[in-house]
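**Q** Show me the folded form of this:
(2 chains)
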Amino acid sequence: MNKAFAKPQLQSKIGILVIFTSSFYKVLKAVLISFAYLLFSSNAKAKLYILLGFGVVGLLSLIYSFFYYKKFKFHIDYEQKEFVLQKGVFSTEFINIPFDKIQQVYFKRSIVQRIINVYEVAIDTAGSSQKEVTIKALSKEKADALRSILMDLAAEENTDEIEKDVEVENDTIHTSKSKKKSVEWKHQLGIFDLLKLGLTSNYLRGIWLIFLFFGTIMNELNQLKIENTYVEDSANYLAENFSDSSGIILVAFAALIFTFLVGIVISTIEIFIKYFNLTLTQTTSSLDLEMGLKTNTRTSLKPRRVQLLRLSTNPIQKRLDLYEAEVSLASSADNIQAQKGKIKIPGLAKEKLQKIKTFLYNRAEETSETIKPHRLLIFRRVMLSLIPVVIAFIPVIIFSWYEWQIIAPMVLIYVALSVFLNKKYYDSIVIEFTENFIIKKQGIWNQETEILELYKLQSVTVKQPLWFKKRKLYNLEFHTAGGDLSFPLVHEEVLKNLNYSFYKIETSTKAWM
Amino acid sequence: MDSVESQFTNQQINIDLLPDHQAVDFETISKKKQTKSFYQITIGLVILLAGWAVLFYFLPTHWSLYLALGILLLVFGFAYLNASLLQKKYGYTLREKDLIYRRGYLITKTTVIPFNRIQHVSISRGVFDKALGISTLKIFTAGGQGSDVSIPGLLPNLAVNLKEAVAKKLTVEEYE
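**A** You can find the predicted model right below:
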């Protein structure tokens, strides 16, 4: 193999701009408040100083960026079998990544990076202590070359170690046979698809985002002590014109509908930003995914890395033949980073979903007897749903705020609704132990199927609360490197299936990652 | 692909005949773990009682102070009870191919970790552990927090032996 990247080298020159914008942006974010002050204040002198300050900060970060660029060097050490990166303006930091620790190499592009046409290369590593390493700016050719070289080296290193692993063997055969991987099928989301997805997705998230957004804005305004008369004015207006009960209901109803509509819009916008131009390509050895409006990310999924697969849809999306696949990869284990290892691919047709499944698991679908939890689950969930009501009631009872005639029916409706929904949920939840998989299905509106390949299991925890001892009921928790899968309240009989799971793990010689 | 298929289709397994992970006898841990918990709880109690005494001395007498004392004693009483109940539930056992660890009184948790999924093993000893002559064996997997296990209250040489036994299994697994 030609020894590309053997010498330490710099990023693309224009990369200074990327470093500059990102560091300047960080500073700006920190002093956002004073920027707002600049906009609102009428003091001309203060404005001048602030502008001057911004100028100085900008200049400093430009100088910093230049040195950062000069000091940032990377190369591949073929003898030590590692990727080496050195960086740091004031103190130099060396980062060495052995080839066999390289999990993934992928591209990211922010708007700035796209404008000046450079690629950010991110190297994802295994192991809990190290985080991913990024090289901010490389030209397309260099980025592509670096990625394929590193991926090949990592694959080679892994075949040396685990000869039994068929996937990787095949992988290297293919890569050595033909550098250009053949595309087996492609999945793309157009603007119309995104619109469909946006309109049928879960609006609750959008509504929640609105609340967050307004919360922060109000907070900032309060901090700045800027008088906000609109809120008071509108409150007064409402108090004057809609004071009777029917008026209140009308206003509440209008507000509800308005929030709902805004929720739809926000969800749709979010989906556009996240999944813009989503392209999923399957080659012989991997699934390549590219998406995003603001930051364009590119990843390639290998079956070996996938720990958990979650498929979901809701009745409307089902009718439109839109399914979502979420893949959990082995992540750096911490809960904070857990989101990082999860990759969502929305808007898949059922047939594409099937193709992904066959690609990832390489075997036909299996089914077996479905196992349901004990009926006590309904009772338990209803009880849990009552906790907030009870807490809300404490002040009501202590200070006797309201009339029982009003409260009792509301509570009754709540309880009835809770019983109904939890009954529905109970009907939906099942688990299957097949020959090679554990499959869990659940969900009333959003129907989820979680698939876990048995040899990817890390360990299993069985929990038994004291009060279920007599009934011999247990909660199950399956731990994988990509997150946990849990199942509530199964009978002792079911635990036999775990013996089979252990048997499967303990006889498996396949690499789980 | 053929090699994989033959590896998997050849086996017919009767689930009922597989070794049962529930049919095991657990080893208990040292009583000193309970002593350690008692010490820890007592130190916490003493600190909080001292705080309460300072408040009692400087503030005017008020019913809420007595309420606070009551809650304090109740919580710590429960903590003592819990520590003594927990003691009986701690248990571990090694099988040929995995390790089983049980703990918890109100909610009894049993975790099974196959040896070929253990990442590494370590022994830790805190101040109390050193004073009482016990160790904690920690076992790490790639399955995150819920999957990692730490077995407290082991006699030091037992902990070392266990660690070596597990480590040995790990290396055997790797070269098999």
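**Q** Point me to the residue of chain B nearest chain A.
**A** Nearest to chain A, among the residues of chain B, is B:Gly143, at 3.1 Å (C-beta to the nearest C-beta). (C-beta placed from N, C-alpha, C; glycine too.)
**Q** Name the SS class of that residue, please.
**A** Using DSSP: H, G, I helix; E, B strand; the rest coil, the three-state assignment for B:Gly143 comes out as coil.
**Q** residue contacts, it?
**A** A:458-459, A:479-481, A:484, B:117 (C-beta atoms under 8 Å, 6 or more residues apart in numbering or on different chains).
**Q** what about the closest residue to A:Glu435 other than its chain neighbours, is that helix, strand or coil?
**A** Nearest residue to A:Glu435, sequence neighbours excluded (C-beta to C-beta, 6 or more residues apart in numbering or on different chains): A:Glu366, at 5.6 Å. Assigned state for A:Glu366: coil (three-state reduction, three-state DSSP).
**Q** For A:Glu366, which residues are in contact?
**A** A:434-437.
**Q** Backbone dihedrals for the residue of chain B closest to chain A, please?
**A** Per-residue torsions, B:Gly143: phi -90, psi 10 (degrees, to the nearest 10).
**Q** what comes into contact with the one helix or strand A:Pro388 maps to?
**A** Here A:Pro388 sits within helix A:376-399, counting by DSSP states H and E. The contact list for helix A:376-399 (C-beta under 8 Å, 6+ apart) reads A:401-402, A:407, A:411, A:414-415, A:418-419, A:422-423, A:425-426, A:429, A:468, A:471, A:473, A:488-489.
**Q** Please name the bridge partners of the spatially most central residue of chain B.
**A** For chain B, the residue sitting closest to the mean C-alpha position, by C-alpha atoms, centre = their mean, is B:Ile151 at 4.2 Å. The bridge-partner assignment for B:Ile151, based on DSSP bridges, gives B:Leu137.
**Q** I'd guessed it sits against B:Glu27; true?
**A** No: if you go by C-beta atoms under 8 Å, B:Ile151 and B:Glu27 don't touch, sitting 9.7 Å apart.
**Q** Now for those two: what residues contact both?
**A** Joint contacts of B:Ile151 and B:Glu27 (C-beta under 8 Å, 6+ apart) are B:Tyr92.
**Q** coming back round to it: mind picking the two most distant members of the contacts of A:Glu366?
**A** Across the contacts of A:Glu366, the longest distance by C-beta to C-beta is 7.5 Å; it joins A:Glu435 and A:Phe437.
**Q** Which one's more surrounded, the two?
**A** A:Phe437 (21 against 14; other C-beta atoms under 10 Å in any protein chain shown).
**Q** Next one, pLDDT for that one please.
**A** Per-residue pLDDT puts A:Phe437 at 91.
**Q** and if you look at B:Tyr92?
**A** pLDDT, B:Tyr92: 91.
**Q** just A:Ser34 next, same as before
**A** So A:Ser34 comes in at 68 (pLDDT).
**Q** quick one: contacts for the residue nearest to the centre of chain B?
**A** B:29, B:90, B:92, B:101, B:136-139, B:162.
**Q** Which positions within the longest helix along chain A qualify as buried?
**A** In terms of residue count, the longest helix belonging to chain A (DSSP state H) is helix A:245-275. If you call a residue buried by 16 or more other C-beta atoms under 10 Å in any protein chain shown, then helix A:245-275 has these buried ones: A:263-264, A:266-268, A:271-272, A:274-275.
**Q** I am finished for the moment; much appreciated.
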